[in-house]
Structures are given as C-alpha cells and as structure tokens.
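# quick one, what's the 3D model for this:
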Amino acid sequence: MKTFIKIGILLVSAVFVTSCKKALDKDPLSNPNAENYWRTEGEANKALVACYAKFKEPIFSNGKGQSGNFLYWEALSDNASNTSNYEAFDIVMRGDHNSATTGIVSKTFTFGFQGIASCNYFLANVDRVPNMAPLTNKKLKAEAMFLRAYYYNELTQLYGALPIILQPAELGGDYLNTPRSPKADVVTQILKDLDYAIANLPQLPYTDGHAVKGTAIALKTRVLLNNERFGEAADAAWSLIGDPTNPFQLSANYAGIFFGDQFNNKEIMFSVQFRAPDDYHSLDQVIGGRMSIFPTVEMRNAYEPNDPRRKMTIFEANDPWAYNPAGFKQTGSTAEGQIPYTTMAIKKWVNTAINNASGATLSDQHMVKIRYADLLLMYAEAMFESGQGADIRALKALNDVRGRQGVNMPAKPALTREIIRNERRVELAFEGLRYNDLIRWKIAAQVIPLVPYDAKGTKRKFKSYLFPIPLGQMDIMRNVWTQNPDFL
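Reported below is the predicted structural model:
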C-alpha cells in the first residue's frame, strides 16, 4: 500500500499523501509487498482482521497494556464522572476542550480514519485473490464495508462534515485538496456500505467476532436514528425483529452479557473480542479497582424502584466486594483507588470475584458494542418518533426488554418519549451510548450543565454538539477545510 506521511505529522490517519521523503507509514499488515500478497483466501482473511484492529484501541473498546477503556465516554454524559486525566476525557467532561486538546479529540479522529484506511486497502485488493468463490468474495467485502460504515458513523457523529475517502492513497494523488463533505453526504455513503453488507452477510448468530447480517441491520438502524430518519429506522429494525428466522434474542442473564455468559450469547450482535493471556485488557482494574470512572447520583436515581438492573450495574454501600470482606466501603478496602465521592462504582463488566489491588488483571471479557436489547429499544423509539407509537409492536419491543427473565419489570401501558429515553438509559448504562443519545436528541446542552464533576458540586459546561477538527489536521488543511463553528 503506497501511503506516506510527513515525519511528525499525521494527516487524516495516513490516508493523505504529504511527502514521499523518509516515509514510510506501515499498512496494517506491517507493510507486506503488495505484489506478493493477496495470493490466497487465507491472506485475504488476515487483511480483513486488520480492518477490525482499531477496535482494540481503548477509545473504541479496550487494549492490551492500556490504562483506559471506552467506558470513559460515559463520563461525557450524565451517567458517570471521571477523576482520571486519561486521554483528556476529563477536559471534555468539564467542557474545557479546544482544537489543540489531544487524547480523545485527536485520537478518535486518527484511529477512525486509520480503520477506514485499512478497509479501503482491503476493498481495493481483495479481488486479486485467485479462485475465490464469488459468495466468499462478497461476504468479505461486506464485512469491510460494515466496518468502514461503523468508523464513519462514529466520526461523523463527533466531527460532522468529513472527507469521504473510499480508495487507498496513491503517490501523486491530490489528497491535500480533498474537502470535507456535508454530513448528509457522509451518511449517504455509510448507508450504501451498510446496504451492501446487509445483502451479502449471512443470516447467522453472532459468534466469532465477525459481523453478520443482523449486525449490519442494527448499525443501519442506529445511523438512521442518529439522523432523524425515523420511519426508515423503524423499517430497518423490523426487517430483523419481525423476521421468523431472526437468530437473536434477549438473554435471561442480564449481568452475564458483560461478564461470565458471553460465549454464543444470542443477545450480543457485535463485540470486540479478547482472549487472555495473549489478548487481554485491564478493565477490571481500571473500573473495578481503580474506580477512576464511576456512576453519578443522577444515574442511580434514573432506575425505577426495585429495578434489579441497578444492583447488577452499580456497586453501592455494603454490596459484596472482593476488595473488602465487609462489602463495598472504604474502611478495610484493599482496592487500588479510593471509593468515589458518590459512594458508588461500576459493577457492570466487572468480575466481582477478583481482587486485583496488586496490579492489572488479564481481563478478557468481550466489549459489547451492539446488542439485541438496543435494537428493540431503537425500534420502539423510531416507531414513536415516526408517529407509530401506538402500534402494539413498538410497545411490545420496549416491554420485552423490561420483562426479560431476571429483570421482570412491569410492562408499561403506553409509550412516551420520557419512558423510551429513560429505558435506554438504565438498560444500556455504561455501554458507551449515552453521550451519543444526548447529542442526537439535542438535549445535551440542557442536561450536562446540571451534572457536577467533583465532590464540591462544581457543575460541568457543555461546549459544543461537535468535537473540533484536531489542530494538526487543520494546520495542514487550513486552505481547504473550515473549523467547526464553536472552535473557530
């Protein structure tokens, strides 16, 4: 792959060409000779794995040897607070970020476009593999297109208008003049990729980390909801929910979705998979022992009385806790961190039997990015917002989530916007979705300034509905791109 970067400057994640001097930006396969690669289906599959690789960055999920994870996104919402300076999440939480802020402001942009670059490289070369069965070829392309759509959706939600890049960079290309396309055009391309993925991925349960048809349908529903295309979102979701061959279903073990019961779990539709000891992360230490990100009082109060999900999601006073025989309390604790000022910690995702105060664990639970309960709640929302909230199917979708075995919350008699939004909040707490929900509902500016971020009760500021384009990118593209309005 002929991609180059000027030393010290990363331009749209090595997709653009800025210099051919001293190069070389290695491609995801450690820069194999393109002339000798793409000889077998096995080589194509290795290249496809590289398209998934950026999900192992902790900003997207978790990563080996990293001290953070994607749960920090929750601290940008009213669900959680953060006392760590990890990757500038705390700066954005307080509303003090600008285009020069590093961490998530710059790295999300970088990692997202690196993922897109890997997908483009794959799509540009997979047809070179000789004697590959046509159906296999289409399936592999469909996975790459799903992934490209996933990366682009994450990016356009955060940064708005983006350059649409569908081919690998070539030496001599005119990439320095590539404009930011309007978000609507980016979404059009995302949906085009997802429609191809839906048409060519198998209708199978999700098991081995590779996207299937249902995965792409769920992402399409999310994209359409993000862009207020409610009728289309409802139709997309129902194409799976109403399909008699739908392989997904709600799990009877809510806590097990996140730890302990993930193997062949029919609720999980897409996850970032790990396997210790070689492929691991430190989530148990970061949120279970260090507790640098933790629930807000507002999050706890969002649960209805007797909702069992609260106890499966949040550590509260005297709960059984591996760090203290007397339960969740500071006195007698051997945890690495202090119990937060809200006197709560995150229980969801955590192996409650592990005391890892002496150091990082080799955690390897999969990081769930899409699950069937989310699809059902997106369907209920899309139906309501498109004027179909009285449809019995919409109400059933929400009540199925509430009434699953092990949760058994009473059914709601009718849908309202408040009921739908609160159900999303409590069902999907600490899964990295709440900030995006506040942004797409256009209520972040009203909600976030009400939430304190320290023990003194200091309130947060809400800066903007978009992140700034990172300063390094703007310095290079200043004659072509315009910065997002709140950061000019």
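# and the closest residue to Pro205 other than its chain neighbours, how many residues sit next to it?
Spatial nearest neighbour of Pro205, excluding adjacent residues (CB to CB, 6 or more residues apart in numbering): Pro247 at 4.3 Å. For glycine as for every other residue, the C-beta is placed from the backbone atoms N, C-alpha and C. Around Pro247 there are 18 other residues, counting by other CB atoms under 10 Å.
# kindly confirm my reading that Pro247 is in a strand.
No: counting by DSSP: H, G, I helix; E, B strand; the rest coil, Pro247 is not part of a strand but coil.
# roughly how far apart are it and Gly209?
Distance check for Pro247 against Gly209: by CB to CB, to the nearest Å, it reads 16 Å.
# what comes up buried for stretch 480-488?
Trp481, Asn484, Phe487 (16 or more other CB atoms under 10 Å).
# could I get the full set of strands for this protein?
Along the chain, the stretches classed as strands by DSSP state E are 80-82, 268-272, 293-295, 314-315, 345-346, 367-371.
# how about those in JSON lines, adding distance to Tyr453 and mean pLDDT?
Converted to JSON lines, the strands of the chain look like this (distance: least, CB to CB, whole Å; pLDDT from 0 to 100):
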{"stretch": "strand 80-82", "distance to Tyr453": "5", "mean pLDDT": "97"}
{"stretch": "strand 268-272", "distance to Tyr453": "28", "mean pLDDT": "97"}
{"stretch": "strand 293-295", "distance to Tyr453": "11", "mean pLDDT": "97"}
{"stretch": "strand 314-315", "distance to Tyr453": "18", "mean pLDDT": "98"}
{"stretch": "strand 345-346", "distance to Tyr453": "16", "mean pLDDT": "97"}
{"stretch": "strand 367-371", "distance to Tyr453": "25", "mean pLDDT": "97"}
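# of all these, which lies closest to Asn131?
Asn131 lies closest, by CB to CB, to one member of those: strand 268-272, at 30.4 Å.
# any chance of JSON lines for the strands of the chain, columns distance to Asn399 and mean neighbour count?
JSON lines is the format used below for the strands of the chain (distance: least, CB to CB, whole Å; neighbours: other CB atoms under 10 Å):
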{"stretch": "strand 80-82", "distance to Asn399": "27", "mean neighbour count": "27"}
{"stretch": "strand 268-272", "distance to Asn399": "20", "mean neighbour count": "24"}
{"stretch": "strand 293-295", "distance to Asn399": "26", "mean neighbour count": "27"}
{"stretch": "strand 314-315", "distance to Asn399": "23", "mean neighbour count": "24"}
{"stretch": "strand 345-346", "distance to Asn399": "27", "mean neighbour count": "25"}
{"stretch": "strand 367-371", "distance to Asn399": "17", "mean neighbour count": "24"}
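# any stretches of the stretch 351-488 of the chain with poor pLDDT?
357-361 (pLDDT under 70).
# got a markdown table for the strands of the chain, with distance to Val223 too?
Output for the strands of the chain, formatted as a markdown table (distance: least, CB to CB, whole Å):
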| stretch | distance to Val223 |
| --- | --- |
| strand 80-82 | 25 |
| strand 268-272 | 14 |
| strand 293-295 | 27 |
| strand 314-315 | 30 |
| strand 345-346 | 28 |
| strand 367-371 | 12 |
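# quick one: end-to-end distance for stretch 450-457.
By CA to CA, to the nearest Å, the extent of stretch 450-457 from end to end equals 10 Å.
# quick check: buried residues in that stretch?
Applying 16+ other CB under 10 Å to stretch 450-457 flags Val451, Pro452, Tyr453 as buried.
# repeat that for stretch 207-215.
So, applying 16+ other CB under 10 Å, buried residues of stretch 207-215: His210, Ala211, Val212, Lys213, Gly214, Thr215.
# next one: the second one from Gln338, what distance?
Same thing as Ala211. Taken as CB to CB, the span from Ala211 to Gln338 is 40 Å.
# now Phe113
38 Å.
# who's more crowded, those two?
Phe113 (26 against 11).
# quick check, nearest of the buried residues of stretch 450-457 to Ile419?
Within the set of the buried residues of stretch 450-457, Val451 lies nearest Ile419; the separation is 21.6 Å, counting by CB to CB.
# pull the CA atoms of stretch 43-61 into PDB?
Provided in PDB are the C-alpha atoms of stretch 43-61 (Å, rounded to 0.1, in the frame of the first residue of the first chain):
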ATOM      1  CA  GLU A  43      -4.100 -13.900   3.200                       C
ATOM      2  CA  ALA A  44      -7.400 -12.000   2.500                       C
ATOM      3  CA  ASN A  45      -8.700 -13.100   5.800                       C
ATOM      4  CA  LYS A  46      -5.600 -11.700   7.600                       C
ATOM      5  CA  ALA A  47      -6.100  -8.400   5.800                       C
ATOM      6  CA  LEU A  48      -9.700  -8.400   6.900                       C
ATOM      7  CA  VAL A  49      -8.600  -8.900  10.500                       C
ATOM      8  CA  ALA A  50      -6.600  -5.700  10.200                       C
ATOM      9  CA  CYS A  51      -9.800  -3.900   9.400                       C
ATOM     10  CA  TYR A  52     -11.100  -4.800  12.800                       C
ATOM     11  CA  ALA A  53      -7.800  -3.900  14.500                       C
ATOM     12  CA  LYS A  54      -8.600  -0.300  15.500                       C
ATOM     13  CA  PHE A  55     -11.400  -1.600  17.700                       C
ATOM     14  CA  LYS A  56      -8.600  -2.800  20.000                       C
ATOM     15  CA  GLU A  57      -7.800   0.800  20.800                       C
ATOM     16  CA  PRO A  58      -9.200   1.700  24.300                       C
ATOM     17  CA  ILE A  59     -11.000   4.700  22.900                       C
ATOM     18  CA  PHE A  60     -13.200   2.200  20.900                       C
ATOM     19  CA  SER A  61     -13.100  -0.700  23.400                       C
END
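# residues in contact with that stretch?
Residues from elsewhere that reach stretch 43-61 (CB atoms under 8 Å, 6 or more residues apart in numbering): 27-29, 37-38, 62-64, 66, 68-70, 87, 104, 107-108, 111-112, 114-115, 118-119, 121-122, 125-126, 129, 132, 140, 143-144, 147-148, 151, 154, 209, 272, 281, 367, 369.
# sort out for me which of the buried residues of stretch 450-457 are in helices.
Per DSSP state H, helices hold no members of those.
# to Ala390, which of the strands of the chain lies closest?
strand 367-371 (26.5 Å).
# helices or strands up against that closest one?
helix 213-226, strand 268-272 (3 or more CB pairs under 8 Å, 6 or more residues apart in numbering; DSSP states H and E).
# of those, which is nearest Asn436?
Here helix 213-226 is closest among those (CB to CB), at 7.3 Å.
# ok, and what's touching that closest one?
By CB under 8 Å, 6+ apart, the list of residues contacting helix 213-226 reads 142, 146, 149-150, 153, 157, 187, 190-191, 194-195, 197-198, 201-204, 206, 230, 232-233, 236-237, 239-240, 246-248, 269-270, 370, 372, 374-375, 378-379, 381-382, 436, 440.
# go again using 7 Å as the cut-off
The contact list for helix 213-226 (CB atoms under 7 Å, 6 or more residues apart in numbering) reads 146, 149-150, 153, 157, 187, 190-191, 194, 197-198, 201-203, 206, 232-233, 236-237, 239-240, 247-248, 269-270, 370, 375, 378, 381-382, 440.
# before we move on, what about stretch 189-203?
Applying CB under 7 Å, 6+ apart, the external contacts of stretch 189-203 come out as 138-139, 141-142, 145-146, 148-149, 152-153, 164, 211-213, 216-217, 219-220, 223, 245, 247.
# buried subset of these?
Here, 16+ other CB under 10 Å leaves 138-139, 141-142, 145-146, 148-149, 152-153, 164, 211-213, 216-217, 219-220, 223, 247 buried among the contacts of stretch 189-203.
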